[in-house]
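**Q** Here is a sequence together with a model predicted from it:
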Amino acid sequence: MATAIASPGFSQASFDAFLAARNEPSWLTDLRLKAWSSFLELPMPSTHDEEWMRTDIRLFKLDRFELPEPTGAISPQDIELPNALLAAGVDLAGHAVAMNSHSVASELAPRWARQGVLFGSLAKLVREHGELLRPFFERHVVDPFKDKFSALNAACWSGGTLLYVPKGVAIEEPLHSLSAMAPRGVDLGKTLVILETGAEATFLSETASTSAEGSGLHCGSIELILEPAARLRYVSLQNWGQEAWHFAHQKAHVAREASLQWTIGALGARLAKVNQHVALTGPDAEAQVNGVMFTEGRQHLSYNTHQHHQAPYCKSDLLYKTALQDHSRTVWRGMIRVEREAQRTDAYQRNDNLMLSRHARADSIPGLEIEADDVRCTHGSTSGRVDDHQLFYAMTRGYTRREAVRMIVAGFFQQVFDRITIESVREALGEAIGRRVSDIQETVVA
Amino acid sequence: MLETLKITNLHVAVEGKPILNGVNLTIRRGEVHALMGPNGSGKSTLAGVIMGHPSYDVSEGTIELNGDNILEWDASERARAGIFMAFQRPMAIPGVKMADFLRHATTNVRNPNRKEGEQLIPMREFRKELREKMAQLKMDEEFARRYVNDGFSGGEMKRAEILQLAMLLPKFAILDETDSGLDVDAVKLASQSIAEIGGAEMGILIITHHDRLLEHNVPDFTHVMLGGRIVETGGVELARELYTEGYEKVRERHPEDAAVEKEMSSTGKTLAAGVA
C-alpha cells in the first residue's frame, strides 16, 4: 500500500528550517518570528470580512504550496525564463532576475554602484547592509499584522529586490526586475525601494510565469519609500499565468515635496487581491497612480486602493482602467482618506470599465473619508460596453470586426496611456492587451 | 463596363416588422440619385441595408455590385469593395485620433486584401494627403488630432464624414441626411466639397429632406419612397416639387402605398406604446 507523504506546507518545522538556513541579522530574525506568530494566529480571510466580501478564496488551499527551499543557487542557464515585456529596447542601469523566490542574477552599472546605489537581491543585500536598511524595515510601511497574507510575507519573504538610491543621486536609465514562477511555484518576494532626499529613479518591475498553465502562489509585498524631494517612477506589471494566486500588499510613503508616479498593469492570475496604498506624509507631496487591467476567462482581480493624505498641500490622482472579456470579474474599492491636518488637499480617483462580454462583471466602489475642511476631493467611475453601433461604424470604414474591437479597446486605454511617461511601458502594455482582445460575439446578440 | 449598384425587389424587416417592401434601384458610377420621402418611409433602412447593418433581415431580393450579390458580405467587405455611407449620426470612438482612424481605414479600403497586422500606408505619405484634403475642405489641421467624433458638434461630425468620403474615395457613396443639423453656409460648403472631391467619379445616393444639398450635386434621378417602396422616379424637378409642396400629392397618386405607410406608422406607434 502506498503511503501519502504529507506536504510540509507552511508548518512550524518548515519555518524553523527556513529561518535556520538564512543567516540574517538578529533584528530581522526577530521581525520574522513576530510576523510568523501573527500568521499562525490570524484567520484566513473570508467573505465575512468587508474587504473580502466580493472576493471568494475558499478554493485557495495554502497547504498545497510550500515554503521556498532554504538554499537555492539557481543558475540562469538552468531555467527557461518567461519573456520580459517592459525592458525591450531600453538602456538599463540595472537588471535583476528572480525565480520561485530566489535571486538568479542581478547587475548594476558600475557608475551607479560607485555612487552608493544598491540594487539586486534583498536577501543578499540585507545581510551586507543590515544597519543601513534596518530603519526602513522597522518602519513597517506595509503592516505585517494586517492580515494572514501580509504576515506570511513578512515572516517568510525570500529573494526579493532592493533599490537604494543615496541622497541627491539621480539615476538616468531605468532599472528592471523580473520575478518568475514555475508551475506550482511560490513567489514570496518583497520589493523595497528607498530613495533618499532628492534622489531620482525609474524602476520597471514585472512578474511572469514560465508557463501559462500550472498553479502558483504569489504572496508579496512592495514598499516604496520616498524621502523629501525624491522622484520615483515605479511600474509593476503582474503577468502571471492564468492559474496563479496573487496576494499582495503594496504601499508607498511619499515625504515632503516628493513625487511618485506609480503604474500598475495587471493581466494575469486566476485570482488577485491587491492592496495598493499611497501615504502622502509631508507637505507638497504628490502621487499619480495609473492602473491598466485586462481580464479574460474566469479571472478575478480585486484591487483595494487607498490614497492617504496625512499632510497639507498634497496632491493624489488615481486612474484605473479595466477592460473585461469572457466571464472575468474585477472589483475596485477606492478610498481617499484626508486627515484633519491635511488642508488644501487635492485628491482625485476614477475607475473606468469597458465590458467586452455580457458575462463579465466589474464592481466599482469609490469612497471618501475627509476630516479636513478645505480640500478638493472628487471621484468617479464608469462602466460601458463596446456596442454594435460603434463596431458597425468602424466596419463601414473597412475595419474588420476584430480590428474594430482592438481599436475601440486601445482607445479606451489611451487616456491612461497618455499619463504614462515611459514609452516602453506604454508600448508593452498596449501590445499585450491588443494580443489578448478576442472577438466579442456575445455582446452583439444583445 | 460601367460599374453598377443594383437593388432588386428588396424586402427587409427589422425585429420582425417589415420596413422595405420591394425596392428596385440601379445606380451607375457617375450618377447622382436623390432619395426623398416622408419620415419612416424606409430611406435610412435602405441606406443601412446597402451598407450591411447586421440588424436588418433581408427576406427577399438582391443587392448586386457589378453583378455580385453582396448580401452575404459584412460591412467591412462592402467598404473594401468601394461602398461608403456618411452616417446621419456618426459614432464617437474616444481615445482614437481621427488621423489614426483614417490611416487604418484608408489602408484597408485601398488594399482590400490586406491581412490584419500588415503594414499601413506610410505615415508621412498619409499625413501629406490628409493635410491636402483637409485644406480642400477648409478644415483646421487640429481636427485630425481630435478623437473620432468625440465631443464634435453636429456640423463637425458631418464635415468629418465628408473628410472620410474624400479620403476613401468610394465607387458608391450614400449620404444619409448629411445636410441635417447644418446651417445654410455649412450645407453649401458640404455640397461644394462633395462635388470637388471627385463626386463626379462616384455613384451617389443622397438622402435628404431639403434641396440645398442638391444645388451643387444636381441629381440625375429623384426617387420618392413611400411605405417601403420607391413609388416615383423623376428628374431634378421632382426634388424641387417635393421640397416646396410636400408629399400629399404623392400620397394621392399612390393610395395603396399611402395605406401601407399609414399601417406601418400605426404599428410603429403600437410598438412604441407597448414599450412605454
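**A** Noted; the coordinates are in hand.
**Q** For the rest of this, base every contact and every neighbour count on C-alpha atoms.
**A** Fine.
**Q** Helix or strand next in line after the strand or helix carrying A:Tyr164, which one?
**A** Assessed by DSSP states H and E, A:Tyr164 sits inside strand A:161-165. Moving toward the C-terminus from strand A:161-165, the next helix or strand (DSSP H and E) is strand A:175-181.
**Q** Now for the closest residue to A:Glu371 other than its chain neighbours, how many residues are close by?
**A** Leaving aside its chain neighbours, A:Glu371 sits nearest to A:Arg340 (4.6 Å; criterion: C-alpha to C-alpha, 6 or more residues apart in numbering or on different chains). Applying other C-alpha atoms under 10 Å in any protein chain shown, we find 15 residues neighbouring A:Arg340.
**Q** Just the pLDDT at the residue in the stretch 51-200 of chain A that chain B sits nearest to, thanks.
**A** Nearest residue of the stretch 51-200 of chain A to chain B, counting by C-alpha to the nearest C-alpha: A:Leu85, 19.6 Å away. Here the pLDDT value assigned to A:Leu85 is 90.
**Q** Does it touch A:Ala428 like I think?
**A** Yes. Using C-alpha atoms under 8 Å, A:Leu85 makes contact with A:Ala428 at a distance of 5.8 Å.
**Q** Now stretch A:367-383 - C-alpha only, CSV.
**A** Taking Å, rounded to 0.1, in the frame of the first residue of the first chain, the C-alpha atoms of stretch A:367-383 are listed here in CSV:
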residue,chain,number,x,y,z
GLY,A,367,-15.1,56.1,-1.1
LEU,A,368,-14.1,59.4,0.6
GLU,A,369,-13.3,60.0,4.3
ILE,A,370,-12.5,63.6,4.9
GLU,A,371,-11.6,65.1,8.2
ALA,A,372,-10.2,68.4,6.9
ASP,A,373,-12.5,71.2,5.8
ASP,A,374,-10.5,72.9,3.0
VAL,A,375,-10.0,70.3,0.4
ARG,A,376,-10.8,69.3,-3.2
CYS,A,377,-11.7,65.6,-3.5
THR,A,378,-13.5,64.2,-6.4
HIS,A,379,-14.2,60.7,-7.7
GLY,A,380,-16.0,58.9,-10.4
SER,A,381,-16.5,55.6,-12.1
THR,A,382,-18.0,54.5,-15.4
SER,A,383,-18.9,51.1,-17.0
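**Q** Same question for that stretch: list its buried residues.
**A** Counting neighbours by 16 or more other C-alpha atoms under 10 Å in any protein chain shown, one finds that the buried residues in stretch A:367-383 are A:367-368, A:370, A:372, A:375, A:377, A:379, A:381, A:383.
**Q** Look up how far A:Gln310 lies from A:Ile370.
**A** A:Ile370 sits 11 Å away from A:Gln310, going by C-alpha to C-alpha, to the nearest Å.
**Q** Find the helix or strand that the residue lying closest to A:Ser364 once chain neighbours are set aside is a member of.
**A** If you skip the residues right next to it in sequence, A:Ser364 has A:Trp332 as its closest partner in space, 4.9 Å away by C-alpha to C-alpha, 6+ apart. Using DSSP H and E, A:Trp332 sits in strand A:329-338.
**Q** same thing with A:Trp245?
**A** Assigned by DSSP H and E, A:Trp245 falls in strand A:244-254.
**Q** Taking strand A:175-181 as reference, get the angle to that strand.
**A** Interaxial angle, strand A:244-254 versus strand A:175-181 (axes from the mean of the first three to the mean of the last three C-alpha atoms, to 10 degrees): 150 degrees.
**Q** hmm, who's touching strand A:244-254?
**A** A:60, A:141-142, A:149-150, A:214-228, A:260, A:268-282, A:285-287 (C-alpha atoms under 8 Å, 6 or more residues apart in numbering or on different chains).
**Q** mind redoing it with 7 Å?
**A** For strand A:244-254, the surrounding residues in contact (C-alpha atoms under 7 Å, 6 or more residues apart in numbering or on different chains) are A:141-142, A:149-150, A:215-227, A:269-281, A:285.
**Q** Just the buried positions in stretch A:182-193, please.
**A** Across stretch A:182-193, burial judged by 16+ other C-alpha under 10 Å covers A:182-193.
**Q** now those as a markdown table including pLDDT, secondary structure and distance to chain B?
**A** Formatted as a markdown table, those follow (pLDDT from 0 to 100; DSSP: H, G, I helix; E, B strand; the rest coil; distance: C-alpha to the nearest C-alpha, whole Å):
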| residue | pLDDT | secondary structure | distance to chain B |
| --- | --- | --- | --- |
| A:Ala182 | 91 | coil | 32 |
| A:Pro183 | 91 | coil | 32 |
| A:Arg184 | 90 | coil | 36 |
| A:Gly185 | 92 | strand | 36 |
| A:Val186 | 94 | strand | 37 |
| A:Asp187 | 96 | strand | 36 |
| A:Leu188 | 96 | coil | 38 |
| A:Gly189 | 95 | coil | 36 |
| A:Lys190 | 97 | strand | 36 |
| A:Thr191 | 98 | strand | 34 |
| A:Leu192 | 98 | strand | 35 |
| A:Val193 | 98 | strand | 34 |
